[in-house]
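S.K.: Return atomic coordinates for the entry below.
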Amino acid sequence: FNNENGDVAVSVIVATRDRSHYLRDLIRSLLYQEFKNFELVIVDDSRNKYHREKVAELAEEISGKLDVVLLRNEYGMGIPESLNRGVAVASGSIIAFTDDDCIADPRWLSNIVRWYRYPNVGGVGGKVIPIEIDAVWSAREVKGHEEVGKISWNGEVVSNFDLGKHVTLVDCLPGANMSFRKDLVIKAGGFSPIYKGNAYRFETELSYRVRRLNYKIVYDPGAIILHRRASHGGARVDVYSWNYWFVRNHILFVLRNLEGRVGKVAFFMFKQIIRILMRKRMCPYAEPERWHEVLHMVLKGMCSGIIDYIVQRDDAVLRFKDLLFSARIKDVELEEGIEVKDKKRDITVK
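M.R.: Sure thing, here's the model as predicted:
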């Protein structure tokens, strides 16, 4: 893992939980990247012993082909904190993120890295193409197909990350296909663990805060990630719980980041209730006749989002700084039993 050719060094960080079979396919796709100067940091949050063992085997198997660092955690921290731990030990000046159930196009990293020659570019991402046809859904019903990665006035996101045809500046990037300068991730405070459950909006917040540091975020449709909708593992929740976490986390994002937040939250809440009462389901996999269950989860999410914003002390920045400090030590046991050992950075499995 070096910079002999003057190329920017990249760390690809993947958080995985009980999806070792999917992770294998992602790793295979990374082996065929045109851009070679990168390391792979895997944060294993698996609860199942079988998957923990398989992830360790995968890391050992590819250690002669890729520089790989494996962090193991058994405490179910969730995606945001898992990624923060990956950032803490990453060696690259650019950090790219994708999901364990994805497959990277061979030119994925090449098309990301080329934009970082511009000093005002702080983040780069690209297309996320669902492999399953029924997984194709986004805010295009509201805004059409033209806008990509836009944060609306009320905090709602127009995604359309699978449809973009041209390079454009965006407000936010998808968690399955995003990258940032490492120093900006640190300045922005990393990913907040306040986004729980499906972790909805955790990546939106980081993008938003990088832009507030006066950097541009680029969407390049040539940086392609194929995304499978894994039925289990990761941050997957059932379709009715999804509505709860969607509403809770979105309200937290608005309250934590946007001006005029009270009015925007009120508008969002009113809009979601009207949609459900009109039987216009929020999650595409929910059964229309169970709309009352969706309404119940949405109302719970609204209350939870507001209460959690008021009473929770988000000490993510402090914990993130602790991780960064600890990562400078060669042999250190991080909190909650994660051990990191720097051993020529060819493979680290703890």
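
S.K.: And the residue nearest the centre of this protein?
M.R.: Gly175 (3.1 Å; C-alpha atoms, centre = their mean).

S.K.: ok, now which ones touch that residue?
M.R.: By C-beta atoms under 8 Å, 6 or more residues apart in numbering, the contact set of Gly175 is Ile79, Phe97, Asp99, Ala199, Phe202, Glu203. Backbone N, C-alpha and C define where each C-beta goes, glycine included.

S.K.: What is the burial count for the first one?
M.R.: For Ile79, the number of neighbouring residues by other C-beta atoms under 10 Å comes to 26.

S.K.: Tell me how far the nearest residue to it once chain neighbours are set aside lies from Cys303.
M.R.: Distances taken as C-beta to C-beta, 6 or more residues apart in numbering place Ala199 nearest to Ile79, at 4.4 Å, with adjacent residues excluded. Relative to Cys303, Ala199 is positioned 20 Å away (C-beta to C-beta, to the nearest Å).

S.K.: How about Ser152?
M.R.: Distance of Ser152 to Cys303, computed by C-beta to C-beta: 23 Å.

S.K.: for Glu57, same thing?
M.R.: Counting by C-beta to C-beta, the gap from Glu57 to Cys303 is 44 Å.

S.K.: same thing with Arg275?
M.R.: 18 Å.

S.K.: Would you check that Ser11 makes contact with Ala96?
M.R.: Yes. With contact defined as C-beta atoms under 8 Å, Ser11 counts as touching Ala96 (7.2 Å).

S.K.: anything in contact with each of the two?
M.R.: Joint contacts of Ser11 and Ala96 (C-beta under 8 Å, 6+ apart) are Phe38.

S.K.: Run a quick neighbour tally on the nearest residue to Phe191 once chain neighbours are set aside.
M.R.: Take Phe191 and drop its neighbours on the chain: the residue closest to it by C-beta to C-beta, 6+ apart is Pro80, 3.7 Å away. By other C-beta under 10 Å, the residues close to Pro80 number 24.

S.K.: The helix or strand where Glu60 lies: which residues count as buried?
M.R.: Taking DSSP states H and E as the criterion, Glu60 maps to helix 49-62. Counting neighbours by 16 or more other C-beta atoms under 10 Å, one finds that the buried residues in helix 49-62 are His51, Arg52, Lys54, Val55, Ala56, Leu58, Ala59, Ile62.

S.K.: tell me, which helix in this structure spans the most residues?
M.R.: helix 291-311 (DSSP state H).

S.K.: Can you list the buried residues in it?
M.R.: By neighbour count on 16+ other C-beta under 10 Å, the buried set for helix 291-311 is 291, 294-295, 297-299, 301-302, 304-306, 308-309.

S.K.: Now do it: which elements does it pack against?
M.R.: With contacts defined as 3 or more C-beta pairs under 8 Å, 6 or more residues apart in numbering; DSSP states H and E, helix 291-311 has these neighbours: helix 239-257, helix 261-277.

S.K.: For the shortest one, give me every contacting residue.
M.R.: Helix 261-277 is contacted from outside by 153-156, 247, 250-251, 254-255, 258, 282, 291, 294-295, 298-299, 302, 305-306, using C-beta under 8 Å, 6+ apart.

S.K.: Have a look at the protein and report the helix or strand with the lowest mean pLDDT.
M.R.: Lowest on mean pLDDT, DSSP states H and E among the helices and strands of the chain sits strand 331-334, with a mean of 35.

S.K.: Quick check: mean pLDDT of stretch 249-269?
M.R.: When pLDDT is averaged along stretch 249-269, the result is 87.

S.K.: CA atoms only for it, dumped as PDB, please.
M.R.: Extracted C-alpha coordinates of stretch 249-269, given in PDB (Å, rounded to 0.1, in the frame of the first residue of the first chain):
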ATOM      1  CA  ASN A 249     -34.000   9.300  11.700                       C
ATOM      2  CA  HIS A 250     -35.300  11.800   9.200                       C
ATOM      3  CA  ILE A 251     -36.700  14.000  12.000                       C
ATOM      4  CA  LEU A 252     -33.400  13.800  13.800                       C
ATOM      5  CA  PHE A 253     -31.500  14.800  10.600                       C
ATOM      6  CA  VAL A 254     -33.700  17.900  10.200                       C
ATOM      7  CA  LEU A 255     -33.600  18.900  13.800                       C
ATOM      8  CA  ARG A 256     -29.800  18.500  14.000                       C
ATOM      9  CA  ASN A 257     -28.900  20.200  10.800                       C
ATOM     10  CA  LEU A 258     -31.500  22.500   9.000                       C
ATOM     11  CA  GLU A 259     -32.600  26.000   9.700                       C
ATOM     12  CA  GLY A 260     -36.300  26.500  10.300                       C
ATOM     13  CA  ARG A 261     -36.300  23.000  11.600                       C
ATOM     14  CA  VAL A 262     -39.500  23.100  13.600                       C
ATOM     15  CA  GLY A 263     -41.600  24.100  10.600                       C
ATOM     16  CA  LYS A 264     -39.900  21.600   8.400                       C
ATOM     17  CA  VAL A 265     -40.500  18.800  10.800                       C
ATOM     18  CA  ALA A 266     -44.200  19.800  11.200                       C
ATOM     19  CA  PHE A 267     -44.600  19.800   7.400                       C
ATOM     20  CA  PHE A 268     -42.900  16.400   7.100                       C
ATOM     21  CA  MET A 269     -45.100  14.900   9.800                       C
END
